[in-house]
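Asks: dropping a prediction and its sequence here:
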Amino acid sequence: MKKLIENFPIKTAVLFAFVAILLGACSSGGRYSEEGLDTVIKSYRETPDLTIILYDQNYESGQYQHQYQVLIPLADSTLDSKVTPFYPVSDKFFNANIDNLGMELANKKDGALTKTVAPAGYSQYVGNPKYGRWSENSGGSFWEFYGKFAFMNSMFHMVSSPARYGYYNDYRRNYAPSGRTYRGPNNYYGSQSYMKSSTGRNSSWSNKPSTFRNDVRSRVQRSSTASKSRISRTSSRTSSSSSSRSRGGGSGK
């Protein structure tokens, strides 16, 4: 047993320690080891195709919360929409998505999951000739869901912010490949735009006073920054300690 311990790779020990730090950080400062989004994804693990949109957010009783809209294609190619309860999320995750209301946070196609923030409908429906076409008018080119898919305009909150070809093309070329978040010029997509839609105007977040929203924004930024600093300091201490042990070497044979 002693020989086994002596020969245990230092790098493996460091890796285990680092993983333990990350898990501890997720369960201590934020009190949750799993984000609400991950919980929802798990509940649909058997569903091969879906889109998950950040439907609403809130801060209540010291807890950051998310509510999601899950869109699932049916046999006739229309979509079934389910709105989840509110789920607790960490300060870091809430802060990262505070401006992403009404946007996709995850999608799954043929069983392959992608967790990338995108304008609603962009991952599978906008630009897909199965559902619509680009329509030209004096103001440019806009995506038009036709026939039985016309309801998707409201489902993807495009009544007040229709999908523009220039924005869609910009997203596909310059943002999607790297996974960067795209909200378009002047926050055309995201929380500011979403709260102007019929759904967004009736959300818990939009119904709160602006002073409340601003206070939560400041609070979660401070909290998220503090959490990152704690993880960084703990990681540095562990790395330094492991390095010292490595330099000291093990016992002789």
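Replies: Received it, and whenever you're ready, just let me know what you need.
Asks: all helices for the stretch 1-150 of the chain, in order.
Replies: In the stretch 1-150 of the chain, the helices defined using DSSP state H, counting those that start in this stretch lie at 2-6, 10-28, 36-43, 91-96.
Asks: now do the domain split for the chain, please.
Replies: Structural domains assigned to the chain are 1-32+213-253, 34-208, following automatic domain parsing.
Asks: just the terminal-to-terminal distance for the longest one.
Replies: What it means is domain 34-208. End-to-end distance for domain 34-208: 27 Å, by Cα to Cα, to the nearest Å.
Asks: just the domains of the chain: most buried one?
Replies: Of all those, domain 34-208 has the most neighbours on average by mean count of other Cβ atoms under 10 Å, namely a mean of 17. In short, each C-beta sits where N, CA and C put it, glycine included.
Asks: what about it, distance to the chain center?
Replies: Distance of domain 34-208 from the chain centroid (Cα atoms, centre = their mean, to the nearest Å) equals 10 Å.
Asks: looking at the helices of the stretch 1-150 of the chain, which has the lowest confidence?
Replies: Averaged per stretch, pLDDT over the helices of the stretch 1-150 of the chain is lowest on helix 10-28, reaching a mean of 41.
Asks: quick one: low-confidence ranges for the chain?
Replies: 1-33, 227-253 (pLDDT under 70).
Asks: residue boundaries of the strands in it?
Replies: 50-60, 63-73, 79-89, 103-109, 112-114, 118-119, 132-137, 140-145 (DSSP state E).
Asks: out of these, nearest to Ser224?
Replies: With Cβ to Cβ as the criterion, Ser224 lies closest to strand 63-73 of these, at 9.8 Å.
Asks: got JSON lines for the strands of the chain, with distance to Ala163 too?
Replies: Output for those, formatted as JSON lines (distance: least, Cβ to Cβ, whole Å):
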{"stretch": "strand 50-60", "distance to Ala163": "14"}
{"stretch": "strand 63-73", "distance to Ala163": "16"}
{"stretch": "strand 79-89", "distance to Ala163": "16"}
{"stretch": "strand 103-109", "distance to Ala163": "13"}
{"stretch": "strand 112-114", "distance to Ala163": "19"}
{"stretch": "strand 118-119", "distance to Ala163": "7"}
{"stretch": "strand 132-137", "distance to Ala163": "9"}
{"stretch": "strand 140-145", "distance to Ala163": "4"}
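Asks: right, and those strands - which one's nearest Asn174?
Replies: Taking Cβ to Cβ, strand 118-119 is the member of those nearest to Asn174, at 12.8 Å.
Asks: report all helices and strands that the closest one contacts.
Replies: In terms of contacts (3 or more Cβ pairs under 8 Å, 6 or more residues apart in numbering; DSSP states H and E), strand 118-119 is packed against strand 103-109, helix 165-174.
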